[in-house]
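S.K.: coordinates only, sequence not included:
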């Protein structure tokens, strides 16, 4: 299973989701190739590295990437967008690619407590996604949003 997490700058939410998805895939022994990218390339925000480090997931070697920096960027089984702007600008993928969108709030410019809240929501969503895929099911956007503790899927 090739999974892409897409956000606008690949600096926070998509990086944290990539870290969580890799964590849960390894922990549940689910074979997955997991990438993240942005519609624009910037840098991985220090607060994302800090809060993920608090839960034992190291993002310090991660870099911000665009789709065109990835190997074989048009062949993903699942493309998950985690911000509304990326959902709107996500390129068209072949019909066999499943697309899901769950909107997470942007913690940028806020305190570490907000970063932790978004981190934990991404962690819950990632656990649910990998668990569902391992069981041979593709969860819906509403299921993922509910697992994350978000009030609604967008």
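M.R.: Structure received. Quick caveat: nothing in here was measured; it's all calculated off a predicted structure.

S.K.: do a quick rundown of the helices in this protein.
M.R.: Taking DSSP state H, the helices of the chain run over residues 13-27, 46-53, 84-89, 112-134, 141-148.

S.K.: and the longest one, what other elements does it pack with?
M.R.: In this structure, helix 112-134 makes packing contacts with helix 13-27, helix 46-53, helix 141-148, judged by 3 or more C-beta pairs under 8 Å, 6 or more residues apart in numbering; DSSP states H and E. All C-beta spots, glycine's among them, are computed from the backbone N, C-alpha and C.

S.K.: out of those helices, name the one with the poorest average pLDDT.
M.R.: When the helices and strands packed on helix 112-134 are compared by mean pLDDT, helix 141-148 comes last with a mean of 94.

S.K.: tell me the buried residues in that helix?
M.R.: 141, 143, 144, 145, 146, 147, 148 (16 or more other C-beta atoms under 10 Å).

S.K.: deepest of the helices and strands packed on helix 112-134, which one?
M.R.: Comparing the helices and strands packed on helix 112-134 by mean neighbour count (mean count of other C-beta atoms under 10 Å), helix 13-27 comes out on top with a mean of 24.

S.K.: that one vs helix 112-134, what angle?
M.R.: Angle of helix 13-27 versus helix 112-134, following axes from the mean of the first three to the mean of the last three C-alpha atoms, to 10 degrees, is 50 degrees.

S.K.: renumber starting at 46 from here on
M.R.: That works, and once the first residue is 46, the last one we named lands at helix 58-72.

S.K.: got the helices of the chain as CSV, with distance to residue 144 columns?
M.R.: As requested, these are exported to CSV (distance: least, C-beta to C-beta, whole Å):
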stretch, distance to residue 144
helix 58-72, 15
helix 91-98, 24
helix 129-134, 9
helix 157-179, 13
helix 186-193, 9
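
S.K.: and of those, who's closest to residue 82?
M.R.: Residue 82 lies closest, by C-beta to C-beta, to one member of those: helix 58-72, at 7.1 Å.
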